[in-house]
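Novice: here's my sequence, what's the structure:
(one chain, ligands or ions: 1)
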Amino acid sequence: MKRTALQRDPQATSDWVNRSQRSTARKQKPRAISPASPAQRAKCRLAVCIVCQNPLRPVQPAHLIDRSLCPEGADDPRAVIPLCAAEHRAYDQHDLDLLPYLEPHYRAELAFAVERFGLVSTYKRVTGDWDVRVNERAD
Ligand SMILES: [Zn+2]
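Specialist: Coordinates of the predicted model:
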C-alpha cells in the first residue's frame, strides 16, 4: 500500500502546515503602496482629513494622481492631500469624488496635478468620472 506524505514523514507535514501560521506572525505592518516622502508626511502630520474633517482620525498623505500614472513630481508635497485611511482607500479604489473637497483650499495641489497630468486626465482621476469627453477641434 502506498503511504501518504503524512505517513512517510509526519513531522515534515506538520512543519509545512504550521509554516503559514509562523509566517503570519512574522508579517510586518502593511506598507503604503506608494510611500510618501518626508516632506509629504510633514505636510500632513498636523492636518485633518479634507473629506470627513474628523480630528480623531489619523491622516495619510494621499497622492492626488497615483504615482504609477504620473511618477514626475510624485515626491513633491503638492502631489498629496491629507485623507484618513477610509477615504484614502475609497479614493484609491475610485469610489470617491474629491473635487468638491479640493476647492478652494487645495487649489495648488489641483494645479500641480493638472500641470503634470493634464486637465482632462486630472478631472477624470479626481472625480472618478471616466466618461468625460472633450470635443475635437473643428479644422
Ligand atoms: Zn476622512
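
Novice: from now on I want contacts and neighbour counts done on CA atoms only, so please keep to that.
Specialist: Noted.

Novice: mind listing what the residue nearest to R45 when sequence neighbours are not counted touches?
Specialist: Nearest non-adjacent residue to R45, counting by CA to CA, 6 or more residues apart in numbering: V59, 7.4 Å away. V59 makes contact with C44, R45, A47, V48, C49, P82, L83, C84, A85 under the criterion CA atoms under 8 Å, 6 or more residues apart in numbering.

Novice: restricted to buried residues, select the residues you listed in PyMOL.
Specialist: Buried residues within those, by 16 or more other CA atoms under 10 Å, are selected in PyMOL with:
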select buried, resi 44+47+48+49+82+83+84+85
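
Novice: now, the contacts of V59 that are in helices?
Specialist: C44, A85 (DSSP state H).

Novice: could you export the contacts of V59 as TSV, including distance to the ion?
Specialist: What follows is these, written out as TSV (distance: CA to the ion, whole Å):
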residue	distance to the ion
C44	13
R45	14
A47	11
V48	8
C49	5
P82	9
L83	5
C84	4
A85	7
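
Novice: so is stretch 59-75 next to the ion?
Specialist: No - residues of stretch 59-75 contacting the ion under CA under 5 Å from the ion: none, with a closest distance of 7.5 Å.

Novice: in that stretch, what counts as buried?
Specialist: Counting neighbours by 16+ other CA under 10 Å, the buried set in stretch 59-75 is V59, Q60, P61, A62, H63, L64, I65, D66, R67, A74, D75.
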